[in-house]
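# Sequence plus the predicted model coming up.
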Amino acid sequence: MKIRLVTLDLDDTLWDPYSQLISAAELMRNWFAEHHPTLTGFLDDPEAQRQVRDAVIERSPELRTRLSSLRREVLKAGLKSAGYNPDEAQAAADAGFSVFYRARSSGLALFDGARELLRALSARGALGAVSNGNADLKLMNLMPPFDFCANPECAGVGKPDPEIFRYALDQAGCSADECVHIGDHPLYDVDGARGADIEPIWYNPGADPWRGEGPPPRTVTHLNQVLDALDRLEGEQR
Ligand SMILES: [Mg+2]
């Protein structure tokens, strides 16, 4: 096969998102404590936030996979129930969210070998991200090496829906048999790619047994094995 496009999952494939999310949420809470202190009760009450999130998703199911919009709507609803009018709530939610988002997108530590891999992949051909998260690759100075990012905000659906992979193919002007997708999640990344007829490579750093659907996929346990795996694929007939 001739590989013209490599797509990569982001969270848990190139970085650990959770430590960054926690510190970004903390920064946002401190910003609200300073500028809109009536919201801090809400931000310190996970159950209240969960209820509001559920209500927002019930009203607007499409937001379930649009994490940035969902987070903003939850803040807005919290501000409204704290007595803000809709315009004030919107403005404060947008400002608070941007504090969160900047913190979430900057200073993220990539896994060992990730930057070298991205550089090498971008030298080989088109390089895209296919992620259900809301990382801003421009803010993170990762565009380049990435050429584009497909996420639920722009593609309209998230993994494992094959449409998000087709959106990525369109971005690169490639067909499914010219693309390889690499990611850590058996359902989202392996099943999802297969659903769009794209060859998956499972990033499996824990060397876990395959418990997903279908035959075991090609597997790498470290990012430094990806280039060899791609070379082997290029040497094979599909
Ligand atoms: Mg992942």
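Cool, got the structure.

# Now do the helices in the chain.
With DSSP state H as the criterion, the chain has helices at 17-35, 40-43, 46-59, 67-81, 86-105, 114-124, 152-155, 162-172, 192-195, 226-234.

# Could I get the buried residue list for the second one?
Meaning helix 40-43. Residues of helix 40-43 classed as buried by neighbour count (16 or more other Cβ atoms under 10 Å): 42-43. Where you see a C-beta, it was placed from the backbone N, CA and C, and this is true even at glycine.

# And it, what does it pack against?
Judged by 3 or more Cβ pairs under 8 Å, 6 or more residues apart in numbering; DSSP states H and E, helix 40-43 is in contact with helix 17-35, helix 46-59, helix 67-81.

# now the third one
In this structure, helix 46-59 makes packing contacts with helix 40-43, helix 67-81, judged by 3+ Cβ pairs under 8 Å, 6+ apart.

# Just confirm yes or no for the lowest-mean-pLDDT helix or strand in the chain near the ion.
Least confident helix or strand, the chain: helix 17-35 with a mean of 89, by mean pLDDT, DSSP states H and E. No - against the ion, helix 17-35 shows no contacts by Cβ under 5 Å from the ion, the least distance being 8.3 Å.

# Counting by contacts, list what that helix packs against.
Looks like helix 17-35 contacts helix 40-43, helix 86-105 (3+ Cβ pairs under 8 Å, 6+ apart).

# Could you rerun that using 10 Å?
helix 40-43, helix 67-81, helix 86-105 (3 or more Cβ pairs under 10 Å, 6 or more residues apart in numbering; DSSP states H and E).

# Tell me which of the ones you listed lies nearest to the ion.
For those, proximity to the ion was assessed by Cβ to the ion; helix 67-81 is nearest, at 13.5 Å.

# Need the outlier residue of this protein, farthest from its centre.
G83 (33.3 Å; Cα atoms, centre = their mean).

# got a list of what the closest residue in space to that one that isn't next to it in sequence touches?
Nearest non-adjacent residue to G83, counting by Cβ to Cβ, 6 or more residues apart in numbering: T38, 6.9 Å away. By Cβ atoms under 10 Å, 6 or more residues apart in numbering, the contact list for T38 reads 32, 78-79, 81-84, 92.

# Is it possible to mark the buried ones in those residues?
For the contacts of T38, buried by 16+ other Cβ under 10 Å: 32, 78-79, 82, 84, 92.

# Closest one of those to G212?
In terms of Cβ to Cβ, no member of these lies closer to G212 than G78, at 37.6 Å.

# mind listing what the closest residue to that closest one other than its chain neighbours touches?
The shortest distance from G78 to any non-neighbouring residue, by Cβ to Cβ, 6+ apart, is to F42 (4.1 Å). Contacts for F42 were tallied using Cβ under 10 Å, 6+ apart; they are 32, 48-49, 52, 74-75, 77-79, 81-82.
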